[in-house]
Every structure is written in structure tokens, then in C-alpha cells.
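Student: Pasting the sequence and the predicted coordinates here, then a few questions.
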Amino acid sequence: MRWERISPTYDHRATSRLHKRPKNKIDVRAIRVDLDMTQEEFAGRCGFSVNTLCHWEQGSRQPEGPTRAYLLAIERAPKAVQKALQAV
């Protein structure tokens, strides 16, 4: 019996196009400092864990998806986001 190499059914090249990482990094620390908040205040008010916030600020992780959009909204219109959070 002759053994043949079977090609894998998973093609990483096909799926890599589906999950592109954003090119522009968000400076979460700058957003927080502009709002004059500590990590605990910013995380508590925005609904993030302090641990996650630390990872973002250190650059070991980057926010993605809806969190990225939320942070961009906080950066661009902090008063509007703060007002919306108070209404909840």
C-alpha cells in the first residue's frame, strides 16, 4: 500500500482576507488622558475592565470591532458619549 500526502482542507490564505486588522492604531491612553481620568475611572465609566485597558495602553492588544468604534466615538465626541452614558 502506498501512502499519499493529503492536502489540508483548511486554507489559511482564504480566511486571512476576512479578518483584516485595522491599520491605524487607537491611542487609548491619549483618549483617557484627554478626558483627565484615571484608568479605573475610564474603565468603570466606559464599561471596560482595567486589565483590558492596561493591555490596550501598553500596546500588547488593540481594540477591535464595536469597541474600536466606541473608542473612536469617545475620542471625537466625548461630551455626547458621556451624556448618552448618563441616560442609561
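Tutor: Noted; the coordinates are in hand. Computed from a prediction, not measured in an experiment: that's the story for all the values here.

Student: And the residue nearest the centre of the chain?
Tutor: The residue lying closest to the centre of the chain (C-alpha atoms, centre = their mean) is Pro63, at 0.8 Å.

Student: Need the pLDDT of that residue.
Tutor: The per-residue pLDDT reported for Pro63 equals 96.

Student: so what's it up against?
Tutor: Taking C-beta atoms under 8 Å, 6 or more residues apart in numbering as the contact definition, Pro63 lies against Ile26, Val28, Trp56, Leu71. For the C-beta atoms, the positions are set from N, CA and C on the backbone; glycine is no exception.

Student: Checking it next. Helix, strand or coil?
Tutor: The local conformation at Pro63, judged by DSSP: H, G, I helix; E, B strand; the rest coil, is coil.

Student: Just want the phi and psi numbers for it.
Tutor: The phi and psi torsions at Pro63 (degrees, to the nearest 10) take the values phi -60, psi 140.

Student: Can you tell me how far it is from Ala87?
Tutor: According to C-beta to C-beta, to the nearest Å, Pro63 stands 23 Å off from Ala87.
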